[in-house]
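Chemist: Only the shape, not the letters, is given here:
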């Protein structure tokens, strides 16, 4: 058995130790999504933030089970807009339009 940590473990630890970086991270991932439409990458990045903030606590705040939240933010997840809105609110953000250009 190796002592290597996974990228997920490193990311989770980083954002728990540097919560002030989450705002810039979210801005970047939504900017990337606006450019490339890669919903799998967006959901994966939101999953990183959810783990850093505590999946169980977020799930309770959103009104989902822990497994439901994890499934919604999985690569095969297809969450409804109201779920994404609730998840973002649990993270302390809101979805807002941003003018192009």
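Modeler: Happy to help now that I have it. Owing to the predicted nature of the structure, the values given are computational and were not obtained by experimental measurement.

Chemist: And the residue nearest the centre of this protein?
Modeler: In the chain, the residue lying closest to the centroid (CA atoms, centre = their mean) is residue 46, at 1.2 Å.

Chemist: For residue 94, see how far away that residue is.
Modeler: 14 Å (CB to CB, to the nearest Å). C-beta: built from backbone N, CA, C; applies to glycine.

Chemist: Run through who's touching stretch 6-23.
Modeler: Identification of contacts with stretch 6-23 by CB atoms under 8 Å, 6 or more residues apart in numbering yields 25, 48-49, 51-52, 91.

Chemist: tell me which residues of it are tucked away?
Modeler: By 16 or more other CB atoms under 10 Å, the buried positions in stretch 6-23 come out as 11-12, 15, 22.

Chemist: Now, those that are in helices?
Modeler: Counted as lying in helices by DSSP state H, out of the buried residues of stretch 6-23, are 11-12, 15, 22.

Chemist: so can I have a markdown table of those showing pLDDT and distance to residue 82?
Modeler: What follows is those, written out as a markdown table (pLDDT from 0 to 100; distance: CB to CB, whole Å):
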| residue | pLDDT | distance to residue 82 |
| --- | --- | --- |
| 11 | 91 | 27 |
| 12 | 89 | 26 |
| 15 | 95 | 25 |
| 22 | 95 | 22 |
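
Chemist: Go through those residues and say which is closest to residue 61.
Modeler: Nearest to residue 61, judged by CB to CB, of those is residue 22 at 15.9 Å.

Chemist: where's the closest one relative to residue 99, distance?
Modeler: 24 Å.

Chemist: And for residue 41?
Modeler: As judged by CB to CB, residue 41 and residue 99 stand 23 Å apart.

Chemist: Pick out whichever of the two has more residues nearby.
Modeler: Counted by other CB atoms under 10 Å, residue 41 and residue 99 do not tie: residue 41 has more neighbours, with 14 against 4.

Chemist: Look at that one and give its secondary structure.
Modeler: Following DSSP: H, G, I helix; E, B strand; the rest coil, the label given to residue 41 is helix.

Chemist: Enumerate every residue touching residue 55.
Modeler: With contact taken as CB under 8 Å, 6+ apart, residue 55 is in contact with 66, 69-70.
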